[in-house]
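**Student:** Predicted model and sequence below, questions to follow.
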Amino acid sequence: MTRALIRWTIREAPHNVRFSAETKPFARELESVFGYEFSVFPIFSTTVPQSYRPWNSRTVDVLFLPQRKTEMDFVARASSLLERNGVSVATALKLETWTRWTNRESLDTPESPTFLPLGAKEYEELLSSSRVVVLPYDKPYFRWGSSGKFNEAIAHGCFPLVPQGTAIASQSSGESALHEFIYPDEESLVEVVTRVLSNPTIADLVPILLTDFL
């Protein structure tokens, strides 16, 4: 029913109407199904740092930004392994996600997590203090969907990492594969983080900003 409705909408739409999708992979998939060209809707950052903090002056190597309680076991394992490898780690998440995580007592829990949401200045400071941002999203939505936090991380000079098999990495101005690790394999993440931290120029990415459209 949904496909038939989309086909009808495309067929009956005026010539000045254009259709877009949230990510490049989703756009290509829709094109293969409907035989119509879909552009990619730009996911922009509304936050812009007041001053760019150099990579070598940032205090946190890896910032985890989990969304769901199901991601927290991985965050705990990965954080512990990274710290054993001499990598500094921080975690920021919603209080609800933290309290709903039932394995807090049985795993090495992240110390002193930051609870979201934050004010604009505090959120900017959080990102600007970090080198790598890990978005360990396990929600099926992200097979095709985008992430605002991915672009916000780039806007603040961070290098974001996401699970392989999601569409999020296609938002990068660089090579998508460089942003991917195998979820929920913490050793895969450590390998990718080590590679990124050893090459600061990898973070020279171009964000999409709201001001680009004004």
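**Tutor:** That came through, no problem. Numbering: from 1, shown residues only.

**Student:** Ile43: helix or strand, and which one exactly?
**Tutor:** Per DSSP states H and E: Ile43 is located in neither a helix nor a strand.

**Student:** residue contacts, it?
**Tutor:** If a contact means Cβ atoms under 8 Å, 6 or more residues apart in numbering, then Ile43 has Glu22, Ser146, Ser147, Gly148, Phe150, Asn151, Gln171, Ile208 as its contacts. The C-beta positions use only the backbone N, C-alpha and C, and glycine is treated the same way.

**Student:** What is the burial count for the fourth one?
**Tutor:** I take that to be Gly148. Residues within reach of Gly148, counting by other Cβ atoms under 10 Å, total 13.

**Student:** Mark which of the contacts of Ile43 are buried, thanks.
**Tutor:** Those of these that meet the buried threshold are Glu22, Ser146, Ser147, Phe150, Asn151, Gln171, Ile208, by 16 or more other Cβ atoms under 10 Å.

**Student:** With adjacent residues omitted, what lies nearest to the fifth one?
**Tutor:** Spatial nearest neighbour of Asn151, excluding adjacent residues (Cβ to Cβ, 6 or more residues apart in numbering): Ser45 at 4.8 Å.

**Student:** how near is the one you found to Ser173?
**Tutor:** As judged by Cβ to Cβ, to the nearest Å, Ser45 and Ser173 stand 13 Å apart.

**Student:** out of those two, which sits in the busier spot?
**Tutor:** More crowded of Ser45 and Ser173, by other Cβ under 10 Å: Ser45, with 21 against 11.

**Student:** give me phi/psi at the more buried one?
**Tutor:** phi -90, psi 130 (degrees, to the nearest 10).

**Student:** Let me know whether it touches Leu210 as I believe.
**Tutor:** Yes - applying Cβ atoms under 8 Å, one finds Ser45 in contact with Leu210, separated by 7.0 Å.

**Student:** Can you give me every residue that contacts Val196?
**Tutor:** Counting by Cβ under 8 Å, 6+ apart, Val196 makes contact with Arg131, Val132, Phe159, Leu161, Leu178, Ile202, Ala203.

**Student:** secondary structure element for it?
**Tutor:** For Val196, the host element (DSSP H and E) is helix 186-197.

**Student:** Pull the CA coordinates from that helix and hand them back as PDB.
**Tutor:** The C-alpha coordinates for helix 186-197 follow below in PDB (Å, rounded to 0.1, in the frame of the first residue of the first chain):
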ATOM      1  CA  GLU A 186      34.700  -3.300  21.200                       C
ATOM      2  CA  GLU A 187      38.100  -4.500  19.700                       C
ATOM      3  CA  SER A 188      37.000  -3.200  16.300                       C
ATOM      4  CA  LEU A 189      36.200   0.200  17.900                       C
ATOM      5  CA  VAL A 190      39.600   0.300  19.700                       C
ATOM      6  CA  GLU A 191      41.300  -0.400  16.400                       C
ATOM      7  CA  VAL A 192      39.500   2.400  14.600                       C
ATOM      8  CA  VAL A 193      40.000   4.900  17.500                       C
ATOM      9  CA  THR A 194      43.700   4.100  17.500                       C
ATOM     10  CA  ARG A 195      43.900   4.800  13.800                       C
ATOM     11  CA  VAL A 196      42.000   8.100  14.100                       C
ATOM     12  CA  LEU A 197      44.000   9.400  17.100                       C
END
